[in-house]
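**Student:** Here is my input, please return the structure:
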Amino acid sequence: MRLKPMPHLHELIDFTVAAFVVYDRRVVLVFHKKLQKWLPLGGHIELDEDPEQALFREVREESGLEIEVMAEKPNVSFAGKKFLYPPSFLDIHPITATHRHIGLVYFARAQSDRLVLAVDEHDAIRWFTESELADPVFNVPDDIRFYAREALQRVK
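**Tutor:** Numbers count the residues shown, from 1 in each chain. Here you go, the predicted model:
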């Protein structure tokens with residue numbers, strides 16, 4: 001099986017979304033085929049979509065989950081304007097020596113715990129408890145563990 005190439009939209013920096021999705025005091029992570037580590041659901045914001053569209057698309061594609069974003073946006077409308085959910089965190093991180101991602105990190109609540117593995121992208125998908133996040137067997141990266149714990153604290 002051949003993995004599709006990562007769709008970098010810009011030579012130096014791309015924008016991405018990451019979703020830390022919680023259900024019943026557990027957070028879902030995926031084991032990325034190429035990177036060989038546990039990561040949140042998410043991916044690149046495509047040229048024809050806004051961050052909110054990318055967020056819902058990536059979560060559906062990678063897990064099959066329907067989510068409620070844990071953020072607020074104004075309940076008003078203005079001609080030509082769409083309010084978007086603000087991310088819980090923003091970061092910038094290196095992907096290669098010459099390419100970085102600006103990550104929009106969202107926290108969300110799942111409507112169910114039924115997961116669908118995206119076999120083209122991931123080797124595994126599972127719900128993690130807070131104690132499992134720290135288990136050396138899983139070797140969850142420190143930054144992912146930080147965000148996952150924050151999501152578990154904030155999403156009830």
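**Student:** from here on, contacts and neighbour counts on C-alpha atoms
**Tutor:** Will do.
**Student:** Hmm, residue 85 and residue 104 touching each other?
**Tutor:** No: judged on C-alpha atoms under 8 Å, residue 104 makes no contact with residue 85 at a distance of 10.5 Å.
**Student:** the more surrounded of those two?
**Tutor:** residue 104 (22 against 15; other C-alpha atoms under 10 Å).
**Student:** Is residue 89 bridged to anything, and to what?
**Tutor:** residue 105 (DSSP bridges).
**Student:** what's near enough to touch it?
**Tutor:** 104-106 (C-alpha atoms under 8 Å, 6 or more residues apart in numbering).
**Student:** Also residue 80?
**Tutor:** Residue 80 touches nothing, counting by C-alpha under 8 Å, 6+ apart.
**Student:** Same check on residue 40?
**Tutor:** For residue 40, the contacting residues are 18-20, 28-30, 144, by C-alpha under 8 Å, 6+ apart.
**Student:** most surrounded residue in those?
**Tutor:** Going by other C-alpha under 10 Å, residue 19 tops the contacts of residue 40 with 30 neighbours.
**Student:** Please give the element, helix or strand, for it.
**Tutor:** strand 13-23 (DSSP states H and E).
**Student:** of the contacts of residue 40, closest to residue 76?
**Tutor:** Nearest to residue 76 among the contacts of residue 40: residue 19, at 25.4 Å, using C-alpha to C-alpha.
**Student:** Specify the beta-bridge partners of that closest one.
**Tutor:** Here residue 19, judged by DSSP bridges, has bridge partners residue 41, residue 106.
**Student:** got it, and residue 81?
**Tutor:** residue 78.
**Student:** if we can go back for a sec, nearest to residue 12 among the contacts of residue 89?
**Tutor:** Using C-alpha to C-alpha, those come closest to residue 12 at residue 104, 16.9 Å.
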